[in-house]
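[1] when you get a sec, could you give me coordinates for this:
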Amino acid sequence: MTRISALALALCALSIGQAQAGEHVVTQKGKAFSTKKITVQQGDSVRFVNDDPFAHNIFSLSDVKSFDLGSYGQGQSKAVVMDKAGTVDVECAVHPDMKMTVEVRK
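    Below you'll find the model as predicted:
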């Protein structure tokens, strides 16, 4: 195998590893998240699925990841990519008692 072929194979393997980010699902039912804390890898996404018969609006004001998914109803879901390592505090703008933490690791 030539040196260029070996380098090309190594670059291919590296790009395949980076393309395999995970998706984690957190459901919302009974005005609560299905978990209080999850740990994900940097680059993974968290999908929030609304199983309640009313709307939720999931957001975070954390320095690590600030987002607002907007209002969405039963049977709908929205996802956010966790692209920086650290702690992300997540809340629902409609139901202030709904809180959880996403720990993002490198």
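
[2] confidence score at the spatially most central residue of the chain?
    The structure's the chain has its C-alpha centroid closest to residue 46; by CA atoms, centre = their mean the separation is 2.2 Å. On the pLDDT scale, residue 46 is placed at 98.

[3] and if you look at residue 66?
    For residue 66, the model assigns a pLDDT of 98.

[4] now the one 4 residues further on
    The pLDDT attached to residue 70 in the predicted structure is 97.

[5] next one: residue 31
    97.

[6] gap between the residue lying closest to it once chain neighbours are set aside and residue 29?
    Spatial nearest neighbour of residue 31, chain neighbours left out: residue 95 (4.8 Å); criterion: CB to CB, 6 or more residues apart in numbering. All C-beta atoms are positioned from the backbone trio N, CA, C, and that covers glycine. Separation of residue 95 from residue 29 (CB to CB, to the nearest Å): 12 Å.

[7] those two - which one has more neighbours?
    Counted by other CB atoms under 10 Å, residue 95 and residue 29 do not tie: residue 95 has more neighbours, with 17 against 13.
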